[in-house]
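> Okay, predicted coordinates and the sequence, questions at the end:
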Amino acid sequence: MSPTQWDFPVELCCRPMAFVTLTGLDVVYNAVHRAVWDAFCANRRADRVPISFKVLPGDHEYPKCRPKRTSYEWYIPKGILKTGWMNKHLNLVPALVVVFYELDWDEPQWKEKQSECATRVEIVRQSLQGRNTKVAVVLIQKKTPLPPGEDVIASERAAALCNACELSGKSLFVLPHTDHLVGYIIRLENAFYEHAQTYYYTEIRRVKSHKEFLNKTTHQLLFVRHQFKIAFFSELKQDTQNALKNYRTAYNLVHELRAHETNILEIKTMAGFINYKICRLCFQHNTPLDAIAQFRKHIDLCKKKIGSAELAFEHAAWMSKQFQAFGDLFDEAIKLGLTAIQTQNPGFYYQQAAYYAQERKQLAKALCNHEASVTYPNPDPLETQAGVLDFYGQRSWRQGVLSFDLSDPEKEKVGILAIQLKERSVVHSEVIITLLSNAVAQFKKYKCPRMKSHLMVQMGEEYYYAKDYTKALKLLDYVMCDYRSEGWWTLLTSILTTALKCSYLMAQLKDYITYSLELLGRASTLKDDQKSRIEKNLINVLMNESPDPEPDCDILAVKTAQKLWVDRISLAGSNVFTIGVQDFVPFVQCKAKFHAPSFHVDVPVQFDVYLKADCPHPIRFSKLCISFNNQEYNQFCVIEEASKASDVLENLTQGKMCLVPGKTRKFLFKFVAKTEDVGKKIEITSVDLVLGSEAGRCVVLNWQGGGGDAASAQEALQASRSFKRRPRLPDSEVHWDGIVIQASTMIISRVPNISVHLRHDPPALTNEMYCLVVTVQSHEKSPIRDVKLTAGLKPGQDANLTQKTHVTLHGTELCDESYPALLTDIPIGDLQPGEQLEKAVYVRCGTVGSRMFLVYVSYLINTAIEGKETVCKCHKDETVTIETVFPFDVAVKFVSTKFEHLERVYADIPFLLMTDLLSASPWALTIVSSELQLAPSMTPVDQLESQVDRVVLQTGESASECFCLRCPSVGNVEGGVATGHYVISWKRTSATDGVPVISTVITLPHVIVENIPLHVNADLPSFGRVRESLPVRYHLQNKTDLVQDVEISVEPSDAFMFSGLKQIRLRILPGTEQEMLYNFYPLMAGYQQLPSLNINLLRFPNFTNQLLRRFIPTSIFVKPQGRLVDDASIAAA
Amino acid sequence: MAVCVAVIAKENYPLYIRSIPTENELKFHYMVHTSLDVVDEKISAMGKALVDQRELYLGLLYPTEDYKVYGYVTNSKVKFVMVVDSSNTALRDNEIRSMFRKLHNSYTDVMCNPFYNPGDRIQSRAFDGMVTSMMIQVC
């Protein structure tokens, strides 16, 4: 029996193809024949017909055909299917024998050649005696044949040759050896294929014809055999549909056979074969569901057919093989394009195969545990004469025996013993692991990570059984974290237990310790007695002694392991193991917590480290130390006890270096932060707990950050959700769940004990030197040094503000652009306790809007912290928002000399510029002076002296000035003519003399200057008197370069009589002036309309009286006629 | 009837798991754990469909040779997994469905207990009793 006894035979698993033999080809010495053969067999692609070719000599002996049975009456079959049958029809009995013969139609020695050919054919026929195998002749010719029908000799000779060889015309072929060899060959093989199909068809008919002779009682086996043969021939014929149909029938027939312990193996073997064929064909027909259904049916039918109880492992092996083969078929179909899904993929079949392989192992272990004295029987009952069995699935010591009674029980016993002993040599683990790893590969593909993990656990366990502990550990370690992260503690514990065994057996110290740590932890579901045992072992290991062996380990392996452990003890080497606990759940839990999220630098930083052990017995540790991001603090946070190794067992429950199970221990640490760390974060980077001593072995449990392990995050979450009220504990104890890790704290500067006040008068006025008085008063108990002031615009505001804000300490002079927006670190000296200090800061704001100003006072002070003298830097800052406003609004307008609003001025004609200064400041303003700086185009009519000097303006008050100006003609200027600037010098009325005066320059608006052709002005007294002559002189000036024709008329008025020219037409030369004199005689008192002067310029029709009215008065006040006495008094007034 | 009943938290750790005592408990733990692969896949497929069908029953998760594993997921993504003996053909989809509904009701009662902290392992006598009745009840 080979170890591959359960593997399917190759001939079953291959794709059956028509078998054709080629004779008469000398492929070794004849180049032409070689080429022909190559064309047949080389590069057979899928589109070529499915034929398997073989070159054989012409006189090859084919398997003999058994003489035809005329009656089945007395025939009793000895088995279902002979082991050689499939191979015979695949590789030995051809469907067609082709005789190659070199012969051209124009062969001179035709007769001889023809008879030689006939002889060859005859020899082939002889060797095929009794078989239906077809024979065909191929003539290899040197010449290209003529088209059919044209070569008369050819057709004659062909007919003759057929006759001589007793061939039909269809079996004679010509192969011209020319350029198109492959083309001819393809045509030839297609013809061969047809012949082969005919052959298999007749074979099927032949097998079917036997059926009628069979009877149901004695020939049950033959029914199956024949059905199988028909199906197999159909497959050879490439008729897969019929093949499938026949296989199905055969499958049903197999299960109709009477099963008994003696033939159950044969039935199962055949059922397995047929099932394999059916599933294979179903996948080939792309009906995977049919394949799965068939397979399920097959398994359901066969599952219970265990057969001999003593050989039950055989059944498991057979089942395993069934699943594996189906998995292979499924996988192959997927490779050819089938899509599988998560819940239906080959992985399940491999998994099941592995399961049966495991069962096989179990059964074998139970059934094959013979004493060492039991020897393998001699002669070997499994040996057969031929070396192989005659029929599939039979026992070698009773082949062909159909009786259900055991004729020779002794022989049977020996046979079974032989099989059992054989089974002992099978490496089951290897089989199981291969199947599992196949399954793993599949499940990985179909998104089943948990299934994959499960299978890997099984693989690991199998490696453990196979004593390959390294591989076992590797696999188990790999999947452990999956179970840990999902919180399946039962499963994790089971894996850890196996892993602990592996690490014990290999004496892997670090792994052993790590797994022990976790198995003692709260995630472990082990019972307390187990935990006690593990803890005891762990303590032993820490004391550099050997642990007790793990239970249920192989005795031999334990012996080896014990030696290894002894070696470990004597071995000098590193005995310190640092184990990062972040990724698992050790039995000591740790939480570190700073008392506050921040500490002032002048108070000691305090934090607690809480430890809790979950192991069943108290455990002692030798050191607890904490590391920080600033390593200088590490030295302050160490608890260490100089203890000898011998002390470990004593005083276990006492002392502070001992953790009592279930009790939370608190360790308080404090240290003084360095002044350099002000503003920095102090973080606990790790907590190290040392178990054991350096004299023996020690384990450093290393928590990253402030503690916590793989399970603690979830626990903290649960605890935070919980509404449960925790029972009260004594004051010294705390609830573990209530502790929240706080692994970092901020160091902040000492609280300043000074006051900073700001005194100022908001709002600030644009461009003024705004005074900000800072008062610093010390309330410290000791003198403070190095007081520094930083004042100015608070950084981080609009960049434009920085450009337009300037700060200085000197208020006596105006600052310019070069001054900064923020003055930093102005030393203002030292302060004694209670002393006060003032500093004025001047700010100039160039634009309106609100600004934030920062006043920051820092100083140094000596303090004692925990008896240590240190210099602390303290600071206090104040911010203030100051609004900046315009001190005043300036309005400018142009008016005519009659104070009428002007939109434009007329060249050379005087007009008035009026400025109006409206104070917008909440504080009184003093206008120191004002000045009108005229543009060159403007000329003053009279003195331009300021009219508002030293005027004090309260809020809302305004000051106005009026200047008489004239603008010479400048021609037509776009946008008007610049007027000039108006400069106002001002300061706050409250400001002292030292404060500089601020000059605000206002650019006056441009004005449009227009030329007029004629300017008229009137000379007339300021009032008239009734019945007194009122002389009025009109001056008409020609402003153009042309002679002007002027029509003048005066319209009469009811209030006046007048003398003078009432209507006149005259000419005025360029640049000259004409005077018109009128004497008006008022008739009525009051404000009277003057007789209106109408002027009409013939050349300038645009010049209207409307315009004229602007220059000359239209009315005058007429006083009533008074008494003479009054006259004088009035004149005096 | 059922040979194993399990309640799995949203985060996929077991809240409750009980199997018949005659068989290897670990085997059922593994079986329930591996079935979460299919549950996860089904839930994500449900999310993709974007149709909020109020169907909580996930149906047969996967068959093994000897057992059938059924799944059910609540709206808060708590999963119920039930393992049934394959040979028990009397259990149809409808029966399984109603068993899950019973389980869900009982679970809801557990959640309504103000002393129960969601996410903790279920230690309720009423729930235990209900599961026991499901495991011994013979159809």
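That came through fine.

> Okay, domains of chain A per the record?
A:1-206, A:214-292, A:467-573, A:580-724+A:732-748, A:754-868, A:888-1010, A:1014-1119 (the TED database).

> Show me the one of those domains that comes nearest chain B.
When the domains of chain A are compared by Cβ to the nearest Cβ, domain A:467-573 sits nearest chain B, at 3.1 Å. Heads up, the C-betas are built off the backbone N, CA and C, glycines and all.

> need the longest helix for chain B.
helix B:25-49 (DSSP state H).

> average pLDDT for the following helix or strand past that one?
Moving toward the C-terminus from helix B:25-49, the next helix or strand (DSSP states H and E) is strand B:57-63. Mean pLDDT, strand B:57-63: 83.

> continuing past strand B:57-63, what's the next helix or strand?
strand B:67-73.

> Taking helix B:25-49 as reference, get the angle to that next one.
For strand B:67-73 against helix B:25-49, the angle between stretch directions is 50 degrees (axes from the mean of the first three to the mean of the last three Cα atoms, to 10 degrees).

> quick one: the longest helix of chain B near chain A?
Yes: contact of helix B:25-49 with chain A (Cβ under 8 Å from any Cβ of the partner chain) involves B:25-26, B:29-30, B:33-34, B:36-38, B:41.

> So which elements touch that helix?
Applying 3 or more Cβ pairs under 8 Å, 6 or more residues apart in numbering or on different chains; DSSP states H and E, we find helix B:25-49 packed against helix A:449-465, helix A:489-506, strand B:2-8, strand B:14-19, strand B:57-63, strand B:67-73, strand B:79-85.

> which strands and helices sit next to the fourth one?
The elements that strand B:14-19 packs onto, with contact taken as 3+ Cβ pairs under 8 Å, 6+ apart, are strand B:2-8, helix B:25-49, helix B:125-136.

> Tell me the strands beside it, with direction?
Strand B:14-19 pairs in its sheet with strand B:2-8 (antiparallel), by DSSP bridges.

> Please save the CA atoms from the strand it pairs with in CSV.
This file holds the C-alpha atoms of strand B:2-8, laid out as CSV (Å, rounded to 0.1, in the frame of the first residue of the first chain):
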residue,chain,number,x,y,z
ALA,B,2,-30.5,25.1,19.1
VAL,B,3,-27.1,23.8,20.2
CYS,B,4,-25.5,27.1,20.7
VAL,B,5,-26.8,30.7,21.1
ALA,B,6,-24.6,33.7,21.1
VAL,B,7,-25.1,37.4,21.4
ILE,B,8,-22.3,39.5,19.9
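
> residues in contact with it?
B:14-20, B:23, B:28, B:31-32, B:36, B:39, B:67, B:78-85, B:99, B:103, B:107, B:122, B:131, B:134-135 (Cβ atoms under 8 Å, 6 or more residues apart in numbering or on different chains).

> follow-up on the earlier one: narrow the residues of helix B:25-49 next to chain A to those that are buried.
Buried members of the residues of helix B:25-49 next to chain A, scored by 16 or more other Cβ atoms under 10 Å in any protein chain shown, are B:29-30, B:33-34, B:36-38, B:41.

> Dump these to a markdown table, plus pLDDT.
Below are those laid out as a markdown table (pLDDT from 0 to 100):
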| residue | pLDDT |
| --- | --- |
| B:H29 | 92 |
| B:Y30 | 92 |
| B:H33 | 93 |
| B:T34 | 92 |
| B:L36 | 91 |
| B:D37 | 90 |
| B:V38 | 89 |
| B:E41 | 86 |
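
> Quick one: find the helix or strand in chain B with the lowest mean pLDDT.
Least confident helix or strand, chain B: strand B:57-63 with a mean of 83, by mean pLDDT, DSSP states H and E.

> Could you list every helix and strand in contact with that strand?
helix B:25-49, strand B:67-73, helix B:93-112.

> What pairs with it, parallel or antiparallel?
strand B:67-73 (antiparallel).

> Please state the offset of the partner strand from the chain centre?
Put simply, strand B:67-73 sits 6 Å off its chain's centre (Cα atoms, centre = their mean, to the nearest Å).

> between it and strand B:79-85, how many degrees?
Taking the same axes, to 10 degrees, one finds strand B:67-73 and strand B:79-85 inclined to each other by 160 degrees.

> mind checking how far stretch B:30-48 is from the chain centre?
12 Å.

> Equivalent analysis for stretch A:701-710, please.
How far stretch A:701-710 lies from its chain's middle: 27 Å, per Cα atoms, centre = their mean.

> Residues in contact with the longest helix of chain B: which ones?
By Cβ under 8 Å, 6+ apart, the surrounding residues in contact with helix B:25-49 are A:342-343, A:447-451, A:454, A:457, A:483, A:486, A:488, A:490-491, A:494, B:3-4, B:6, B:8, B:12, B:14, B:17, B:19, B:53, B:58, B:61-62, B:64, B:67, B:69, B:71, B:73, B:77, B:79, B:81, B:83.

> before we move on, the earlier item: just the buried residues of the least confident helix or strand of chain B, please?
B:58, B:61-62.

> Next, the residue nearest to A:N132 when sequence neighbours are not counted: secondary structure please.
Closest residue to A:N132 apart from its sequence neighbours, by Cβ to Cβ, 6 or more residues apart in numbering or on different chains: A:T202 at 5.2 Å. Here A:T202 is recorded as helix under DSSP: H, G, I helix; E, B strand; the rest coil.

> residues near A:T202, how many?
15 (other Cβ atoms under 10 Å in any protein chain shown).

> same check, this time on A:R48
14.

> Would you double-check that it falls in a strand?
No: A:R48 is assigned coil when assessed by three-state DSSP, not a strand.

> surely it meets A:I185?
No: counting by Cβ atoms under 8 Å, A:R48 does not reach A:I185; the two are 9.5 Å apart.

> mind checking which of the helices and strands packed on helix B:25-49 is nearest A:D709?
helix A:489-506 (13.0 Å; Cβ to Cβ).

> helices or strands next to the closest one in the packing?
Using 3+ Cβ pairs under 8 Å, 6+ apart: helix A:489-506 touches helix A:449-465, helix A:469-486, helix A:509-520, helix A:555-570, helix B:25-49.

> which of the residues in the shortest one are buried?
Neighbour-count burial for helix A:509-520, counted by 16+ other Cβ under 10 Å, picks out A:509, A:511-520.

> now do the first one
Judged by neighbour count using 16+ other Cβ under 10 Å, the buried positions of helix A:449-465 are A:450-465.

> who are the neighbours in contact with the residue in chain B positioned nearest to chain A?
Across chain B, no residue is closer to chain A than B:Y13, which sits at 3.1 Å (Cβ to the nearest Cβ). Going by Cβ under 8 Å, 6+ apart, B:Y13 touches A:486-488, A:714.

> let's see 6 Å
A:486-487 (Cβ atoms under 6 Å, 6 or more residues apart in numbering or on different chains).

> Now the phi/psi pair for it, please.
phi -100, psi 150 (degrees, to the nearest 10).

> A:Q197 now?
Torsion angles, degrees, to the nearest 10, at A:Q197: phi -60, psi -40.

> Quick check: chain neighbours aside, which residue is closest to it?
A:K237 (5.3 Å).

> Neighbours of the closest residue in space to A:C502 that isn't next to it in sequence, how many?
With sequence-adjacent residues excluded and distances taken as Cβ to Cβ, 6+ apart, A:C502 is closest to A:Y469, at 4.2 Å. Using other Cβ under 10 Å, A:Y469 is surrounded by 23 other residues.

> Contact partners for A:Y469?
A:502, A:505-506.

> With A:C845 instead?
A:C845 sits next to A:764, A:805, A:884 when contact means Cβ under 6 Å, 6+ apart.

> Next step: these restricted to strands.
Using DSSP state E, the members of the contacts of A:C845 that fall in strands are A:764, A:805, A:884.

> lowest-confidence stretch among the helices and strands packed on helix B:25-49?
Looking at the helices and strands packed on helix B:25-49, the weakest mean confidence is strand B:57-63, a mean of 83.
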